[in-house]
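Participant: Need a 3D model of the following:
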Amino acid sequence: MEILKMTGITKSFSGVTVIRDIDFSVEKGEVHALLGENGAGKSTLMNILAGVHDYDSGTIVFNGEEMKDITVKRSESAGIAFVHQELNLFNDLKVFENIFLEKEILTRLGTLNKKEMIRKTYELFDSLGVDIDPEEMVSELETSKKQLLEIAKAIFANAELFILDEPTTSLNNNEIDHLFALISRLKAQGKSFIFISHKLNEIFTIADTYTILRNGSFIKAGSIADTTPEEVAQLMVGSSMADSAIYHERALGDVILSLDKLCGEGFEDVSLDVRRGEVIGLTGLKGAGVTEMMQAVFGARHITDGKLYINGKEMAGDRISSAMKNGVAMVAANRKENSVIHDFTILENVFVSEHTLSKKHPIINRKKELENYYEMKDLLNIKANDPEDSILSLSGGNQQKVILARWLSTGADIFLMDNPTQGIDIGAKAEIYKLIMEMAKAGKTVLVNTLEIPEIQKIADRCVVFFHGHIQKILMREEITEEEVMLYATNVKQGPEG
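Facilitator: As a prediction, this is how the structure comes out:
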């Protein structure tokens, strides 16, 4: 039985058609994967269903009734919950206050019944197996717990259809397993899910059916059991994904970055020499200390012991400005909170770090900046219109390219990339992999932290596996396999470094 049927949906913005004649349907009690690159039309289609955008033509039938003049409130009232990738929580409210926003329980005197709302929030979390304190401020939660809170909030609203947009981006493997178990339990109760993800392994684990969009058009729909990840990837990008051509052997230079028994919060006794032009893949289970170590190298965390050398010069640490002046750049995880400056234009986001380094020369040469911007735009294949547009007008993949442009404009030699392809589509990922290899061929040194071992296999000269804050094993390129990395990451095998 169909719970949702969208037929012939077409939408234009400023005379430009962004989706055309799309058919999309979801059965009751199924997980339906909506697939496509950034810009394929997925978000527009879902925003129409959620009441964010209207549509030019077509029909939408939900639970047997045609929906017209859809607004956000009407969509939610009908039983549709949209859990966005960019979390829509209020950081300055407590957890239970977010759950009960516009659903507040009142006492007989008309005041807020906080005790009852907190009790019901505990009940909700217990039923879902979610370990969050209802009275904690949302601003104090880890990103992964914010993601789980968003999903719990949608479940509390008693939705019939859940739109999950990249729901696992900030979750570790255990949290993903827990989420998938929760989805399966709700699916058995007749709940339906539209699951949007660029991680094809997740799609083939959790989804029953799929629909692929490309360039605003319907491409194919079918059963997950009747296709393969390779076929899906090819349909999404419109060409064969030949990843084998990305990595190139090349001569490496002298040691440019040296860590000697480096210690800090979350990591200790990390010793590693990295050469000019080398690409290092860093990995380990979530919480293994890789992010903390990278932040310490960038000066964003305190180094408690050990030594850090750049180009043979000992660095004092604890100062981002010092790291930047010595040619270190960092593409941080969670670009929404840590990289993208929402109130800035695309141009301003590109050059904000360069301005910091050249603050002794306060006059901005706009003509020169625009020249450099368009060079970066061509180099990185940034899909953007006017550089004065808001950074938020870009897709996630193009926002990430802007962040890369930001650091390339500083002339940095060492790039620390923490989950650089998080929430990015297959095509944009491939472009970033190729860019990393081009940077390495030009003598740049790149350290990439990722939980996805296939990424490391595509680009890395070596793989450094962390366990509980220590380097457990350093694998040469020919030794890197998913099984081998996982054995060291889980401490089943211990290397000489561990």
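
Participant: CA only for contacts and neighbour counts going forward, please
Facilitator: Will do.

Participant: just the strands in the stretch 151-300 of the chain please.
Facilitator: Assigned by DSSP state E, counting those that start in this stretch, the stretch 151-300 of the chain shows strands spanning 161-165, 192-196, 209-214, 217-223, 255-264, 267-275, 279-283.

Participant: Those strands into a markdown table, with extra columns for mean neighbour count?
Facilitator: Below are those laid out as a markdown table (neighbours: other Cα atoms under 10 Å):
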| stretch | mean neighbour count |
| --- | --- |
| strand 161-165 | 24 |
| strand 192-196 | 24 |
| strand 209-214 | 23 |
| strand 217-223 | 16 |
| strand 255-264 | 19 |
| strand 267-275 | 19 |
| strand 279-283 | 26 |
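
Participant: tell me which helix or strand of the protein sits lowest on mean pLDDT?
Facilitator: Of all helical and strand segments in the chain, the minimum by mean pLDDT, DSSP states H and E falls on helix 335-338, at a mean of 64.

Participant: Residue 248 and residue 460: what is the separation?
Facilitator: Noted for residue 248: a distance of 10 Å to residue 460, by Cα to Cα, to the nearest Å.

Participant: Oh, that last question was meant for residue 71, not what I typed.
Facilitator: With Cα to Cα as the criterion, residue 71 and residue 460 are 47 Å apart.

Participant: Please say which of these two ends up with more neighbours.
Facilitator: Legend: neighbour count by other Cα atoms under 10 Å for residue 71 and residue 460, higher for residue 460 (25 against 17).

Participant: Kindly confirm whether my reading is correct that the more buried one touches residue 279.
Facilitator: Yes. Assessed by Cα atoms under 8 Å, residue 460 is found in contact with residue 279 at 5.0 Å.

Participant: tell me the phi and psi of residue 31?
Facilitator: phi -110, psi 120 (degrees, to the nearest 10).

Participant: burial count for it?
Facilitator: 25.

Participant: that's a helix at residue 120, yeah?
Facilitator: Yes. The assignment for residue 120 is a helix, going by DSSP: H, G, I helix; E, B strand; the rest coil.

Participant: That one: how many residues sit nearby?
Facilitator: 17.

Participant: Residue 371 now?
Facilitator: Neighbours around residue 371, by other Cα under 10 Å: 11.

Participant: can you pull the buried residues of the helix or strand following the least confident helix or strand of the chain?
Facilitator: As assigned by DSSP states H and E, the chain's next helix or strand after helix 335-338 is helix 346-357. By neighbour count on 16 or more other Cα atoms under 10 Å, the buried set for helix 346-357 is 346, 347, 348, 349, 350, 351, 352, 353, 354, 355.

Participant: ok, and what's touching helix 346-357?
Facilitator: 321, 324-325, 340-341, 362, 369-370, 373, 387-391, 402-403, 405-407, 409-410 (Cα atoms under 8 Å, 6 or more residues apart in numbering).

Participant: So among those, which ones count as buried?
Facilitator: 321, 324, 340-341, 369, 373, 387, 390-391, 402-403, 405-407, 409-410.

Participant: Show me these that map onto helices.
Facilitator: 321, 324, 369, 373, 402, 403, 405, 406, 407 (DSSP state H).

Participant: how far away is the closest residue to the fourth one other than its chain neighbours from residue 376?
Facilitator: Across the structure, with Cα to Cα, 6 or more residues apart in numbering as the measure, the residue nearest residue 373 apart from its sequence neighbours is residue 347 (7.1 Å). Remark: distance between residue 347 and residue 376 (Cα to Cα) = 11 Å.

Participant: next one: residue 350
Facilitator: Taken as Cα to Cα, the span from residue 350 to residue 376 is 9 Å.

Participant: So which of the strands of the stretch 151-300 of the chain is nearest residue 56?
Facilitator: strand 217-223 (15.0 Å; Cα to Cα).

Participant: Strands of the stretch 301-450 of the chain, residue ranges please.
Facilitator: 303-310, 313-315, 328-331, 414-418, 445-449.

Participant: Could you export those strands as CSV, including mean pLDDT, distance to residue 494 and mean neighbour count?
Facilitator: Below are these laid out as CSV (pLDDT from 0 to 100; distance: least, Cα to Cα, whole Å; neighbours: other Cα atoms under 10 Å):
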stretch, mean pLDDT, distance to residue 494, mean neighbour count
strand 303-310, 95, 23, 18
strand 313-315, 91, 30, 14
strand 328-331, 90, 30, 24
strand 414-418, 94, 25, 24
strand 445-449, 97, 20, 26
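
Participant: Any idea which of the ones you listed gets closest to residue 65?
Facilitator: When the strands of the stretch 301-450 of the chain are compared by Cα to Cα, strand 414-418 sits nearest residue 65, at 45.8 Å.

Participant: what inclination does the closest one have with respect to strand 255-264?
Facilitator: Calculated by axes from the mean of the first three to the mean of the last three Cα atoms, to 10 degrees, strand 414-418 forms an angle of 50 degrees with strand 255-264.

Participant: Now do the buried residues in the helix or strand residue 44 falls within.
Facilitator: Assessed by DSSP H and E, residue 44 sits inside helix 42-49. For helix 42-49, a neighbour-count test (16+ other Cα under 10 Å) marks 42, 44, 45, 46, 47, 48, 49 as buried.

Participant: of those, closest to residue 22?
Facilitator: Proximity of the buried residues of helix 42-49 to residue 22 (Cα to Cα) peaks at residue 45, which lies at 8.4 Å.

Participant: Spit out the contact partners of that closest one.
Facilitator: Counting by Cα under 8 Å, 6+ apart, residue 45 touches 9, 19.

Participant: From residue 37, how far out is it?
Facilitator: 14 Å.
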